[in-house]
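A.B. asks: Using only what follows, build the 3D model:
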Amino acid sequence: MSEEKKTENQVQEEETKTASEEEAGAEKKETASAEEKKPEEKNEEKADEKETAEKNGKDGGKKDKRRFRKPSAEEAKIEELEKENAALNDRYLRICAEYDNFRRRSQKEREALYSDIKADTLTKFLPVYDNLERALKQGTEDEAYRKGVEMIMNQFNTTMEKLGVTEIDCLGQKFDPALHNAVMHVDDEEKGENEIVEVFQKGFKIGDKVVRFAMVKVAN
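C.D. replies: Numbers count the residues shown, from 1 in each chain. Now for the predicted structure:
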C-alpha cells in the first residue's frame, strides 16, 4: 500500500513539475517573441525617420532651389514694369503737389494784384472826394447846388463801399502810426494822452491795406 501511495505521489509531483516546466517554457517563448519584435519595431521607426528626413531634405532642396532660382525673362519684365509704374506714380504725385502750390500762389498773387490796382485807382480819385467835401463845408444860398453836391458825394461813398473801401476812424481815437499821420500837436488837459482831436484829411483802407493815412492833430 505504501509503495502504491509513493508511486501516486511521484506521479503527481512529476505532473506538477511538467506543468511548471511547460508554463516556464511558454513564458520564455513569449519573452523571446517580444524581444524579437522589438528590433523589428525599432527598424520600422528608423525607416520612418529616414523616410521623413529624406522627404524634408527634398522639400528643403526645393525651397532652396526656389529661393535661389534665377527669375525668368517674364518675371524680370514684370518687376521692371512695376518699378517703372512706381516711379511714374511718384512723379505724378509730385507734379500734382507742385501744381496745387502753384495754383494757390497764383490765386494769392492775383488777389494781391487786384487789391494793389484797386488801391492805386482809388488814390487817383481821392482828390475829387476831398474837393467835394470842401464844397459841402462852404456855405451857399443855392440849395439846389448844395443838394446836387450832396448827391454826388453820396454816390461816391456808395461806390467806395462796394469796392470794400472803409474810412479810418480818427476823432476821439488814440493815435496809431500805422493808420494816422500826425501833423500837429496840442496840449489839452480835457483830452487823453495821444488822443486825436482834429482831422485835416480823411484816411481810407481796403481790408487791412492802408490806401491813404489820415492827417490829424494829436493832443498831449
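A.B. asks: On the pLDDT front, check Asp187 for me.
C.D. replies: Confidence at Asp187, expressed as pLDDT, is 90.
A.B. asks: how far away is it from Pro177?
C.D. replies: 20 Å (CB to CB, to the nearest Å). From N, CA and C alone the C-beta is placed, and that goes for glycine too.
A.B. asks: now do Lys191
C.D. replies: 18 Å.
A.B. asks: Those two - which one has more neighbours?
C.D. replies: Lys191 (15 against 8; other CB atoms under 10 Å).
A.B. asks: For the nearest residue to the more buried one once chain neighbours are set aside, name its beta-bridge partners.
C.D. replies: Closest residue to Lys191 apart from its sequence neighbours, by CB to CB, 6 or more residues apart in numbering: Ala219 at 3.8 Å. Ala219 has these beta-bridge partners by DSSP bridges: Val186, Glu195.
A.B. asks: cool, and Glu167?
C.D. replies: With DSSP bridges as the rule, Glu167 is bridged to Phe204.
A.B. asks: Tell me which residues touch it, please.
C.D. replies: Residues in contact with Glu167 (CB atoms under 8 Å, 6 or more residues apart in numbering) are Lys202, Gly203, Phe204.
A.B. asks: Looking at those residues, spot the one nearest Phe102.
C.D. replies: Phe204 (33.4 Å; CB to CB).
A.B. asks: State the number of residues packed around the closest one.
C.D. replies: 20.
A.B. asks: Can you give me every residue that contacts it?
C.D. replies: Leu122, Leu126, Met160, Val165, Thr166, Glu167, Ile168, Val210, Val211, Arg212.
A.B. asks: can you rerun that using 10 Å?
C.D. replies: 119, 122-123, 126, 129, 160, 165-168, 210-214 (CB atoms under 10 Å, 6 or more residues apart in numbering).
A.B. asks: And for Asn157?
C.D. replies: Tyr129, Leu132, Val165, Glu167.
A.B. asks: same check, this time on Ala178
C.D. replies: Contacts of Ala178 (CB under 10 Å, 6+ apart): Asp208, Val210, Phe213.
A.B. asks: ok but it is inside a strand, no?
C.D. replies: No: using DSSP: H, G, I helix; E, B strand; the rest coil, the secondary structure at Ala178 is coil, not a strand.
A.B. asks: Check which element follows the worst-scoring helix or strand of the chain on mean pLDDT along the chain.
C.D. replies: Ranked by mean pLDDT, DSSP states H and E, the helix or strand of the chain with the weakest confidence is helix 2-67, at a mean of 55. Heading C-terminal from helix 2-67, the first helix or strand you meet, by DSSP states H and E, is helix 73-137.
A.B. asks: Which elements pack onto whichever strand or helix holds Met215?
C.D. replies: Element membership of Met215 [criterion: DSSP H and E] is strand 214-219. Counting contacts by 3 or more CB pairs under 10 Å, 6 or more residues apart in numbering; DSSP states H and E, strand 214-219 packs against strand 180-186, strand 195-201.
A.B. asks: out of the ones you listed, deepest packed?
C.D. replies: strand 195-201 (a mean of 16; mean count of other CB atoms under 10 Å).
A.B. asks: which helices and strands does it pack with?
C.D. replies: Short answer (3+ CB pairs under 10 Å, 6+ apart): strand 195-201 packs on helix 73-137, strand 180-186, strand 214-219.
A.B. asks: Report the inter-axis angle for the last one versus strand 195-201.
C.D. replies: With axes from the mean of the first three to the mean of the last three CA atoms, to 10 degrees defining the directions, strand 214-219 sits at 150 degrees from strand 195-201.
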